[in-house]
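Novice: no letters, just coordinates:
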């Protein structure tokens, strides 16, 4: 690294500039690139709206050029950058900062540095404002980075591009495998319940197989009335397919719980989300979270002695049944919702408890194998993604 120099962004920038303040219009001559148009280090130009920019002075000042580097200066994506490599005639919006590098810097070299942990440490140190983190142009200009001779910059970019392409290919294959593994779980459910229908054509409405179907309510005062501890109040955010998520689990006191005693959860109750974006998600809550109640977005399904709760759980989350529930809920006049009568009218295949148990055991074993495979593939994905960070670190230390 003998010929490498430590410089700042302002040392090598022709320009560090805020974007245009304007509005979008239906018809115009220039696209209006905003923070929200930059997703996963790419831009779908077909979705970028037109700008109201009209004066030649503003167009000349704010129009994008190849090798511009744009930064999000505020919001959840503060510090994220985007290199303009191809584009449609566009100007950039005011919540973006543009850096135009001088000729001594290969633009993609600088852009790749902006993906490194060394860069992000500086950004976090320079963030201004607690409520809404932001980085202004002056702070961005003070970011330090190592600058080798131009040929070395180009060599590093070529090497990183090749390595990243291999990593991205491997990540893509793993993500496909992961998607197939997760789809396999659904296929197992549909296959097993499909076999049951061939074994027994007898079906029974769910209302005739349960001792309770019903949802609760939110205590007076809403979230402000929740307690730090006490009796669990289970909401739709806690109910996921086949697992219970205790993040943001709410609590109520004895007095509040007494008003909801008709929706007290018992061990092995099946919980079904009946409204909103998470409608049709379903699980059985572990007894360690009891005593508990449910709010109005979650229904309790309590089976009788003729059917196992897990049998109903797996039946409800099978892709075929879930599709029906989602279709029925979408037909509600006011919002996505599964009504009590819809739940009661669900037709369940009737088989002996012995056959139910065999099916439950088989599904559990299939899920266990899928979970193991998912865990292995997720670990590999995590490793590959961290490998990019490691390669960037080596590259900007002159070790690549």
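Specialist: Great, that's in hand. Note that the coordinates shown come from a computational prediction; the quantities given were computed from them, not determined experimentally. Residues are numbered from 1 along each chain as shown.
Novice: give me the mean pLDDT for whichever helix or strand residue 194 is part of.
Specialist: According to DSSP states H and E, residue 194 maps onto helix 150-199. Per-residue pLDDT values over helix 150-199 give a mean of 91.
Novice: what is it packed up against?
Specialist: Helix 150-199 makes packing contacts with helix 107-113, helix 309-317, helix 319-330, strand 347-349, helix 353-395 when contacts are defined by 3 or more CB pairs under 8 Å, 6 or more residues apart in numbering; DSSP states H and E. Glycine gets a C-beta too; all of them are placed from N, C-alpha and C.
Novice: what would the ones you listed look like in JSON lines with distance to residue 201, mean neighbour count and mean pLDDT?
Specialist: Shown next, in JSON lines, are the helices and strands packed on helix 150-199 (distance: least, CB to CB, whole Å; neighbours: other CB atoms under 10 Å; pLDDT from 0 to 100):
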{"stretch": "helix 107-113", "distance to residue 201": "63", "mean neighbour count": "22", "mean pLDDT": "96"}
{"stretch": "helix 309-317", "distance to residue 201": "16", "mean neighbour count": "22", "mean pLDDT": "94"}
{"stretch": "helix 319-330", "distance to residue 201": "16", "mean neighbour count": "16", "mean pLDDT": "87"}
{"stretch": "strand 347-349", "distance to residue 201": "8", "mean neighbour count": "18", "mean pLDDT": "91"}
{"stretch": "helix 353-395", "distance to residue 201": "14", "mean neighbour count": "14", "mean pLDDT": "92"}
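Novice: what domains does the record give for this structure?
Specialist: Per the record, the chain has its domains at 5-148, 149-182+353-400, 201-350, by automatic domain parsing.
Novice: between those domains, which one is nearest to residue 189?
Specialist: For the domains of the chain, distance to residue 189 was read as CB to CB. The smallest value, 3.7 Å, belongs to domain 201-350.
Novice: can you check what angle separates the helix holding residue 194 from helix 319-330?
Specialist: When axes from the mean of the first three to the mean of the last three CA atoms, to 10 degrees is applied, the directions of helix 150-199 and helix 319-330 differ by 90 degrees.
Novice: re earlier: mind putting the helices and strands packed on helix 150-199 into CSV with distance to residue 143?
Specialist: Below are those laid out as CSV (distance: least, CB to CB, whole Å):
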stretch, distance to residue 143
helix 107-113, 9
helix 309-317, 49
helix 319-330, 48
strand 347-349, 62
helix 353-395, 15
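Novice: for residue 159, which of the ones you listed is the nearest?
Specialist: Comparison of these against residue 159 by CB to CB identifies helix 353-395 as nearest, at 7.4 Å.
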